[in-house]
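J.: Next one to model:
(4 chains)
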Number of protein chains: 2
Amino acid sequence: MGNLTIRDIARLAGVSTTAVSFILNDKPGVSEETRKRVKEIIASTGFTPNVHTRRLNLGRSFTIHVVLYWHQQAIFNQFALEIMYGIFASCKRLGYSVMFTFIDRTWDVTQLMESIHSKDCDGLILSQVEDPSFISLLQQENIPFVCVDSHVKKDGNLPLVEVDYYKASYDATQYLARMGHKDIGYIGSSTPHELHESTFNGYIDAMRDEGLACNPAWIGGIEFSATSAGEFFDSLVEGKFNVPTAFFCTGDAFSVNLLNAAKRHGYNVPDDLSIVSVDDLLVSRYVSPPLSTMSFDKEALGAKAVDVLHAIINDEPYQTITMISPEILERSSVKNLNK
Amino acid sequence: MGNLTIRDIARLAGVSTTAVSFILNDKPGVSEETRKRVKEIIASTGFTPNVHTRRLNLGRSFTIHVVLYWHQQAIFNQFALEIMYGIFASCKRLGYSVMFTFIDRTWDVTQLMESIHSKDCDGLILSQVEDPSFISLLQQENIPFVCVDSHVKKDGNLPLVEVDYYKASYDATQYLARMGHKDIGYIGSSTPHELHESTFNGYIDAMRDEGLACNPAWIGGIEFSATSAGEFFDSLVEGKFNVPTAFFCTGDAFSVNLLNAAKRHGYNVPDDLSIVSVDDLLVSRYVSPPLSTMSFDKEALGAKAVDVLHAIINDEPYQTITMISPEILERSSVKNLNK
DNA sequence: TAATTTTACTTAATCAGTTTAGAAAAAAAC
DNA sequence: GTTTTTTTCTAAACTGATTAAGTAAAATTA
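T.: Have a look, this model is predicted:
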């Protein structure tokens, strides 16, 4: 049970280490007879070649390093595990090990850069990481990497795997319109960011294409917090504004809060107010009524990222930007006015 | 920018590779003068020693492998990321890299065992893994490992880091009693399992110690599902049974469902019915009213696991069983009847 | 001042594989 | 029956570090 080496196997089989190495790597140059005999010895001894030697020799680690942004607000970390599962599943298929690092705002790159320089991984997947100086450092040093769900500026050179939030927004608004709603409000983040702008454009474009008017009073550009969507609704009701028949929220964190505010004011969801949002967080399923939401395949985000990274590592062609499209998941927060 | 080796540094500094190695590892045997000069060369060239060589030489990988059980029901995966964060933070402090593997019911151990035999990691952390044959295999082969949040049978030899569910149950029940509740129901899993039994005992013991009677009608031993807690409440109401003033639920997944059922029947929480559960899942915070729950430090679970594993790897003494105690997190689902 | 110890440094072996170059044997071609 | 080619196999170099063993010089002791 002591630690076997390739030399032990060679001795037991009466062949050279070269032969054993060839057999382990399914290379030609060994007769079928010898191959079979050595394989039997390998199987019976339970020998497994040392990875470090292999990695040292081949100058590759067969490892992918996942860098995850750790948000203080737990709700933002909801996807990460599913993304990791997707990454793992693809890595397993392709023969990579997966290691990970969490980072946050107080982050110092040196330790990670040292790990990269020490050849600990063949490439990186950056999940929700948008640090531009780190990204350009990776580009300078020609280190293979992919950004996933990173909300990073699309510049054409960056390999990205992203959720198509524009389409989510467009499709959700269109869905509400097709359910007979004409008065559709919007609740989304006001922080200036390409992502938020394109999400807002999805709403605007869908309203226009459906021939509906946007009422500025119904557009809530708000700061992200656990209560801001509800406060926006409060101000609508208390300011005696008309309340639309439906709201599109750019995230479930907003819609859950909106739902509670609506209930507080005596609005029944979906009878008095319909709500659709994006993300399909777990909470949206457990709330009453369960919320309809634009859902997307979070595992696919991770899986695609691995595929792209694998292509980059092996100098194969790849698609720079991969978009995952959300689809409406109908639960019970939207009333069909056509009926 | 080409790949530097220790030989390049040695040549540039006019010393042997041994000297460079000593300097890299802060070992004695090199004069301060030489040390300083070589360190400057290392810094200016940005040289980082190859990890694989180091690992090969030292026969250690300085890597911890986290094995995570992947539940089909998303709600069960809620802790995993926080546990991983705790693991990562401790590993960073101790100088370990962290790799991970997801497993599920269809799992085949061979691939993981090969990874272990190939010396890919120094030890394992099993998160929510309770496969007894795998665990005894690890024990047989003397591979360092720790179980975290594993619900595994405590046998005295297994290194475990667990949540103290008995105490959570006892304290939650006591908390309700101290808030003036006398009629306290119980909703928990009926699947036969040491964990569920000890959770139930916590409730029973607290009721006894507080001098309260247990009404069998108020004890819901149910199958786990998204709706079973609500169905139990339905049956109570529809069967014209008395409804207790408070329920302790063994998990937030139950209490969220109970909350919705109670609302449906016109019960106001907390005025007509108080609810306390265990877990502090994200959903319990976003529901209305926010649920009081026995919360525990999920990051600490991971961090402790690393500490124990580190001790095992280094043949240092360690505590076999580490218990993390939940504490009441007061939100708005419990009425104080003493006022 | 000579003998001993300590310090500073190096050569060469080692970790456990892969791979190049080449030898011996077998098979194919002439 | 030779010559050529192919197949099978091996010795030895190589990956990039660590480390045991050993040497020369400096510092300490006698």
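J.: my guess is A:Ile324 meets A:Lys304, correct?
T.: Yes: with contact defined as Cβ atoms under 8 Å, A:Ile324 counts as touching A:Lys304 (7.1 Å). Heads up, the C-betas are built off the backbone N, CA and C, glycines and all.
J.: which of these two has more neighbours?
T.: Between A:Ile324 and A:Lys304, counted using other Cβ atoms under 10 Å in any protein chain shown, A:Lys304 has the larger neighbour count: 22 against 18.
J.: wait, what's in contact with the more buried one?
T.: Residues near A:Lys304 by Cβ atoms under 8 Å, 6 or more residues apart in numbering or on different chains: A:Gly86, A:Val148, A:Val161, A:Thr322, A:Ile324.
J.: pLDDT at it, what is it?
T.: As predicted, A:Lys304 sits at a pLDDT of 98.
J.: Show me where the stretch 51-200 of chain A has its helices.
T.: For the stretch 51-200 of chain A, helices defined by DSSP state H, counting those that start in this stretch occupy the ranges A:51-58, A:80-94, A:109-117, A:132-140, A:165-178, A:194-209.
J.: Select, out of those, the one closest to B:Asp205.
T.: Proximity to B:Asp205 (Cβ to Cβ) singles out helix A:80-94 among these, at 35.0 Å.
J.: the bottom helix or strand of chain A by mean pLDDT?
T.: strand A:219-222 (a mean of 86; mean pLDDT, DSSP states H and E).
J.: buried ones in that one?
T.: Neighbour-count burial for strand A:219-222, counted by 16 or more other Cβ atoms under 10 Å in any protein chain shown, picks out A:Ile219, A:Gly220, A:Ile222.
J.: A:His16 contacts A:Ala10, correct?
T.: No His there; residue A:16 is Ser. Yes: the criterion here is Cβ under 8 Å, and A:Ser16 meets it with A:Ala10 at 5.8 Å.
J.: When the two are compared, which one has more neighbours?
T.: Higher neighbour count among A:Ser16 and A:Ala10: A:Ala10, with 18 against 13, using other Cβ under 10 Å.
J.: what's near enough to touch that one?
T.: A:Ser16, A:Thr17, A:Ala19, A:Val20.
J.: Now tabulate those residues in JSON lines and tack on secondary structure, distance to DNA strand D and pLDDT.
T.: Formatted as JSON lines, those follow (DSSP: H, G, I helix; E, B strand; the rest coil; distance: Cβ to the nearest atom of the strand, whole Å; pLDDT from 0 to 100):
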{"residue": "A:Ser16", "secondary structure": "coil", "distance to DNA strand D": "3", "pLDDT": "96"}
{"residue": "A:Thr17", "secondary structure": "helix", "distance to DNA strand D": "6", "pLDDT": "96"}
{"residue": "A:Ala19", "secondary structure": "helix", "distance to DNA strand D": "4", "pLDDT": "97"}
{"residue": "A:Val20", "secondary structure": "helix", "distance to DNA strand D": "8", "pLDDT": "97"}
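J.: According to the record, where do the domains of chain A fall?
T.: As recorded under automatic domain parsing, the domains making up chain A are A:6-49, A:63-163+A:298-325, A:165-296.
J.: so how far does the second one reach from one end to the other?
T.: Terminal residues of domain A:63-163+A:298-325 lie 29 Å apart, using Cα to Cα, to the nearest Å.
J.: residues making contact with the least confident helix or strand of chain A?
T.: A:Gly185, A:Tyr186, A:Ile187, A:Gly188, A:Ser189, A:Ser190, A:Phe200, A:Ser228, A:Ala229, A:Glu231, A:Phe232, A:Phe254.
J.: Can you give me the distance of the fourth one to A:Arg264?
T.: Think A:Gly188. 21 Å (Cβ to Cβ, to the nearest Å).
J.: Neighbour count: the two, which is higher?
T.: A:Gly188 (27 against 13).
J.: That one against A:Gly202, yeah?
T.: No: the criterion here is Cβ under 8 Å, and A:Gly188 misses it with A:Gly202 at 9.9 Å.
J.: Pull the number of nearby residues for whichever residue of the stretch 101-250 of chain A sits closest to DNA strand C.
T.: The nearest approach of the stretch 101-250 of chain A to DNA strand C comes at A:Lys119, 14.9 Å away (Cβ to the nearest atom of the strand). Other residues near A:Lys119 number 20, with proximity taken as other Cβ under 10 Å.
J.: Could I get the contacting residues of it?
T.: Counted by Cβ under 8 Å, 6+ apart, A:Lys119 has contacts A:Arg55, A:Gly59, A:Arg60, A:Ser61, B:Asn50, B:Val51, B:His52.
J.: what's the closest non-adjacent residue to the fifth one?
T.: Computed as Cβ to Cβ, 6 or more residues apart in numbering or on different chains, the closest residue to B:Asn50 that is not its neighbour in sequence is A:Lys119, at 5.5 Å.
J.: ok, back up a step: what would the helices of the stretch 51-200 of chain A look like in TSV with distance to A:Val334 and mean pLDDT?
T.: Formatted as TSV, the helices of the stretch 51-200 of chain A follow (distance: least, Cβ to Cβ, whole Å; pLDDT from 0 to 100):
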stretch	distance to A:Val334	mean pLDDT
helix A:51-58	52	96
helix A:80-94	25	97
helix A:109-117	44	94
helix A:132-140	39	94
helix A:165-178	7	98
helix A:194-209	15	96
